[in-house]
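# For reference, the sequence and a predicted model appear below.
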Amino acid sequence: VDPNVGVEGGDAAVLALAPPAPNPGQGTALLRFSLPAQALVALEILDVSGRRVEHLEAEMPPGAHAWSWEGTAADGTRVGAGLYFVRLRVAGATDTRPVVKLR
């Protein structure tokens, strides 16, 4: 991944969360984001009640990143069809996008 390219293929990376793809979708959703600097990242999948279903927490370098959400909860069980939210939290900044899972 080129650290000088943002999530949409643009100029130098900034803190950004791209729309999940595909959305809506039945299988895996690709979650892409970019960081302007190395940071501790929390990428979370939340249900409509705000409960954390799945998450990724890691120290990451600047640049473009991707994480595939398989449509499962942290315990490995498949989540039901419905509306979920992807939340990216980095050093006090937050970006959130909706993702719809179909059966």
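That came in fine, so what should we check first?

# where in the chain is pLDDT low?
1-13 (pLDDT under 70).

# all strands of it, in order?
16-17, 29-35, 39-46, 52-60, 63-69, 82-90, 93-101 (DSSP state E).

# what's the closest non-adjacent residue to Arg32?
Ala18 (4.2 Å; Cβ to Cβ, 6 or more residues apart in numbering). Every residue, glycine included, has its C-beta placed from N, CA and C.

# Same question for Phe85.
Computed as Cβ to Cβ, 6+ apart, the closest residue to Phe85 that is not its neighbour in sequence is Leu46, at 4.6 Å.

# Identify the residues contacting that neighbour.
Leu46 is in contact with Arg52, Val53, Tyr84, Phe85, Val86, Arg87, counting by Cβ atoms under 8 Å, 6 or more residues apart in numbering.

# quick check, nearest of those to Ala73?
Closest approach to Ala73 among these (Cβ to Cβ): Val53, at 5.0 Å.

# Touching, that closest one and Thr77? I think so.
No: here Val53 does not reach Thr77: they are 9.8 Å apart, not a contact under Cβ atoms under 8 Å.

# List the beta-bridge partners for the residue nearest to the spatial centre of the chain.
Nearest to the mean C-alpha position of the chain, by Cα atoms, centre = their mean, lies Leu31 at 4.2 Å. Under DSSP bridges, the beta-bridge partners of Leu31 are Trp67.

# got a list of what it touches?
Leu31 touches Leu17, Ala18, Pro20, Leu43, Ala66, Trp67, Ser68, Trp69, Val86, counting by Cβ under 8 Å, 6+ apart.

# which one of the strands of the chain is the most hemmed in?
Burial of the strands of the chain is given as mean neighbour count (mean count of other Cβ atoms under 10 Å); strand 29-35 ranks first at a mean of 21.

# how about it as PDB, C-alpha atoms only?
This file holds the C-alpha atoms of strand 29-35, laid out as PDB (Å, rounded to 0.1, in the frame of the first residue of the first chain):
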ATOM      1  CA  ALA A  29     -17.400  -5.800   3.200                       C
ATOM      2  CA  LEU A  30     -14.100  -4.100   2.400                       C
ATOM      3  CA  LEU A  31     -13.400  -1.200   4.800                       C
ATOM      4  CA  ARG A  32     -10.800   1.200   3.600                       C
ATOM      5  CA  PHE A  33      -9.300   4.100   5.500                       C
ATOM      6  CA  SER A  34      -6.200   6.300   5.500                       C
ATOM      7  CA  LEU A  35      -4.100   7.900   8.200                       C
END
